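Trainee: Sequence and predicted structure below; questions after.
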Amino acid sequence: MIEETAAEEVIERFRMKFLNSTRGCIVRTDVPELLIAGHKVGPFQSESRIDLPNWVIESLTKHDLVDIVPEDNYESLKNLQSLYNNEEDQPHKLQSFHPLLYSALSRKMLQLQSDKTSLDPRRYDEIENMQRMIPFLVETRLSKIMRVAKSGAYQDKRKQMTNEEQWLCEKLSNILSIWRKTVE
């Protein structure tokens, strides 16, 4: 139970890290100075590129005021499909994932599901595709993370992992190392 609680706390810290990290956005329309959660943001001119924390981006995208620049939109359905296809095509290779990918996917799913009542039918397809692909991607990655932990190659592969994967792989490596020492 203690390990389970620790894992939940670690994952929550990664989610907070995601919310406070910044990404590039393109402003869709002129935006006056706004007060969001007690913080002043803006003013912004239409078509300008700005870097904002994810918690601000969430608020502004709800009102169609900004779009995340494509290269920073790592939790998009298109990117998720590409990651999944690459993982399936290369079963023995650990490809690089953005360190905040799982936290971003989690937040995106929460947003999509909370907006279900106002969504057009095309968004329902996006939700269904993401809900179907995320577990497959996670299971594929889990197998690879377990192989890395077992092989002892954690330090060499950690830059290719998400924050959650790094944490898990380190824990597994330590547990396996202790286990090996006790049974040999």
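Mentor: Cool, the structure landed. Numbering: from 1, shown residues only.
Trainee: so what's the closest residue in space to residue 152 that isn't next to it in sequence up against?
Mentor: Leaving aside its chain neighbours, residue 152 sits nearest to residue 173 (6.7 Å; criterion: Cβ to Cβ, 6 or more residues apart in numbering). Quick note: C-beta positions are derived from backbone N, CA and C, even for glycine. By Cβ atoms under 8 Å, 6 or more residues apart in numbering, the contact list for residue 173 reads 149, 152, 154.
Trainee: So among those residues, which ones count as buried?
Mentor: Using 16 or more other Cβ atoms under 10 Å as the burial test, the contacts of residue 173 include 149, 154 as buried.
Trainee: For the contacts of residue 173, give me CSV that also has secondary structure and pLDDT.
Mentor: Below are the contacts of residue 173 laid out as CSV (DSSP: H, G, I helix; E, B strand; the rest coil; pLDDT from 0 to 100):
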residue, secondary structure, pLDDT
149, helix, 95
152, coil, 85
154, helix, 88
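Trainee: List just the nearest of the contacts of residue 173 to residue 53.
Mentor: Taking Cβ to Cβ as the measure, residue 53 lies nearest residue 154 of the contacts of residue 173, at 30.2 Å.
Trainee: The closest one touches residue 148, doesn't it?
Mentor: Yes: with contacts counted by Cβ atoms under 8 Å, residue 154 reaches residue 148, the gap being 6.0 Å.
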